[in-house]
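Asker: Build me a structure from this.
(chains A and B)
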Number of protein chains: 2
Amino acid sequence: MSLAHVHGFMISLDGFGTGEDLSMEAPFGHAGARLVDWMKSTRFWHEIIGEAGGSRGIDNVFIQQHSPGIGAEIMGAGKFGPPGWHNDPAWKGWWGPNPPFHTPTFVLTHHPHPPIEMEGGTTFHFIDASPAEALKVAREAANGLDVRIGGGVTMLRDFLAAGLVDYMHVAVVPVLLGRGVRLWDGLEALEEGYHVETVSSPSGVTHVTFTRNGV
Amino acid sequence: MSLAHVHGFMISLDGFGTGEDLSMEAPFGHAGARLVDWMKSTRFWHEIIGEAGGSRGIDNVFIQQHSPGIGAEIMGAGKFGPPGWHNDPAWKGWWGPNPPFHTPTFVLTHHPHPPIEMEGGTTFHFIDASPAEALKVAREAANGLDVRIGGGVTMLRDFLAAGLVDYMHVAVVPVLLGRGVRLWDGLEALEEGYHVETVSSPSGVTHVTFTRNGV
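Answerer: Have a look, this model is predicted:
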């Protein structure tokens, strides 16, 4: 069965998945690199940037789940580019010529846009669809593999509220951003539908996993 | 040196220290017992209610820090009683004749009230003071011991914002309350003044400690 997974979604201790004042120069706004710094120590990240080394402890064990078994990603428009990217015909995402998705990747947007084929197996498709419709399309493209729900925050919250997420790994980073976009808003008692586990890392990050009951 | 400590302050994964709709029957409002249930398994709690047994693992190790070395407590009016308690001359707190404080306990309120002497060493004093003024008064009463900042949420946030907390233990409970009073509002970058550690328990609770730099 093809499941919907969230991998390595990072939030602050006060629940923000991104900061305020997002821009081309500041993809996470005033949050800067504070939510992602812990990941840069891992072997997973070292491999992405083509460097040797990197930690292989609990942070790496969780974050390396990103790709195996995934046949498609769905992301929100705010993950694909900074505000206004759809007005720039040359914009192809933040990730350079070989993005780290390597599958069909569906960008949710109200602006029609032709597909973009990148190196390494990533093709960006742009669709205007509800969470349930998008998941159906991505599942077909995933060809029996799982679908990654990629975020950003608002888009993930919509998928959670619609009951579409089967497994979610959230990394809680011990910083207080104070402002930005909250992940948990409007999700009262979400845990009742899931088996929840928490485990902390020497890095200070707490990994929280939600596994849907019966999955 | 007499320090200001926070012990066993419980919040939900989405950051609420109490729920909505607080009343005499529901001291935590719609949160019910969800924030405190984990503590009821500990030996610390079993001793308070006079029963044998109880867990002695990480949850107990943290929660048993509540009393040793503490010479006074400061609490907000909302911890002492339900809304309107100051209109009830017979109200003496939630805790019965022998409250679990056993020291002078200062209740912050705008309503003048004579002190209440209880069994077991607890005397409630009612003062109308700023956080810094209250801490000064409580320190004198603590006679060289530390002062516990007892909450509720709004009161603790005021003490944190004023830079008055030297050590804080927060227990993050893996439930989503969805609404209530948030602990972290207005405390952007609080962690910069502290050494922060996180450790998770088999109960699912994550214990987060803030130790002020240089303390």
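Asker: near chain B, which residues of chain A show up?
Answerer: By Cβ under 8 Å from any Cβ of the partner chain, the residues of chain A that approach chain B are A:13-15, A:172, A:174-179, A:182, A:184-191, A:196-200, A:204-206, A:208. For glycine as for every other residue, the C-beta is placed from the backbone atoms N, C-alpha and C.
Asker: can you tell me which of these are in strands?
Answerer: A:172, A:182, A:196-200, A:206, A:208 (DSSP state E).
Asker: out of the residues you listed, which is most surrounded?
Answerer: A:Val172 (26 neighbours; other Cβ atoms under 10 Å in any protein chain shown).
Asker: And that one, how far from B:Val205?
Answerer: From A:Val172 across to B:Val205, the span is 13 Å (Cβ to Cβ, to the nearest Å).
Asker: same check, this time on A:Pro99
Answerer: For A:Pro99 relative to B:Val205 (Cβ to Cβ), the value is 38 Å.
Asker: got a markdown table for the ones in strands among the residues of chain A next to chain B, with pLDDT too?
Answerer: As requested, those are exported to a markdown table (pLDDT from 0 to 100):
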| residue | pLDDT |
| --- | --- |
| A:Val172 | 98 |
| A:Arg182 | 97 |
| A:Val196 | 97 |
| A:Glu197 | 97 |
| A:Thr198 | 97 |
| A:Val199 | 98 |
| A:Ser200 | 97 |
| A:Thr206 | 98 |
| A:Val208 | 98 |
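Asker: how about the lengthiest helix in chain A: buried residues?
Answerer: Scanning chain A for the helix with the most residues, using DSSP state H, yields helix A:131-142. Across helix A:131-142, burial judged by 16 or more other Cβ atoms under 10 Å in any protein chain shown covers A:131, A:134-135, A:137-139, A:141-142.
Asker: One more: stretch A:82-98?
Answerer: A:85-86, A:91-93.
Asker: which one among those gets closest to chain B?
Answerer: Nearest to chain B among these is A:Trp85, at 27.8 Å by Cβ to the nearest Cβ.
Asker: Reduced to three states, what does the residue nearest to that closest one when sequence neighbours are not counted come out as?
Answerer: Ranked by Cβ to Cβ, 6 or more residues apart in numbering or on different chains and with sequence neighbours excluded, the top spatial neighbour of A:Trp85 is A:Trp91, at 4.5 Å. Going by DSSP: H, G, I helix; E, B strand; the rest coil, the secondary structure assigned to A:Trp91 is coil.
Asker: What's the separation between A:Trp91 and A:Leu35?
Answerer: To A:Leu35, A:Trp91 is 23 Å away according to Cβ to Cβ.
Asker: Repeat that for A:Thr123.
Answerer: 28 Å.
Asker: Which of those two has more residues huddled nearby?
Answerer: More neighbours surround A:Leu35 than the other of A:Thr123 and A:Leu35, with 24 against 16 (other Cβ under 10 Å).
Asker: OK, contacts around the more buried one?
Answerer: A:10-12, A:17-18, A:28, A:173, A:175, A:177 (Cβ atoms under 8 Å, 6 or more residues apart in numbering or on different chains).
Asker: Which helix or which strand is home to it?
Answerer: Assessed by DSSP states H and E, A:Leu35 sits outside every helix and strand.
Asker: B:Leu190 versus that one, what's the distance?
Answerer: 16 Å.
Asker: now swap in A:Phe80 and tell me
Answerer: The gap separating A:Phe80 from B:Leu190 is 32 Å, by Cβ to Cβ.
Asker: Between these two, tell me which one has more neighbours.
Answerer: Neighbour count, other Cβ under 10 Å: between A:Phe80 and B:Leu190, A:Phe80 has more, with 24 against 21.
Asker: Tell me the pLDDT of that one.
Answerer: For A:Phe80, the model assigns a pLDDT of 96.
Asker: Excluding sequence neighbours, find me the nearest residue to it.
Answerer: A:Val107 (4.7 Å).
Asker: secondary structure element for the one you found?
Answerer: Going by DSSP H and E, A:Val107 is in strand A:104-108.
Asker: Please enumerate the helices of chain A.
Answerer: A:43-48, A:58-63, A:77-80, A:131-142, A:153-161.
Asker: The second one - contacts with which helices or strands?
Answerer: What that stands for is helix A:58-63. Other elements packing on helix A:58-63 under the criterion 3 or more Cβ pairs under 8 Å, 6 or more residues apart in numbering or on different chains; DSSP states H and E are strand A:4-12, helix A:43-48, strand A:167-173, strand A:206-212.
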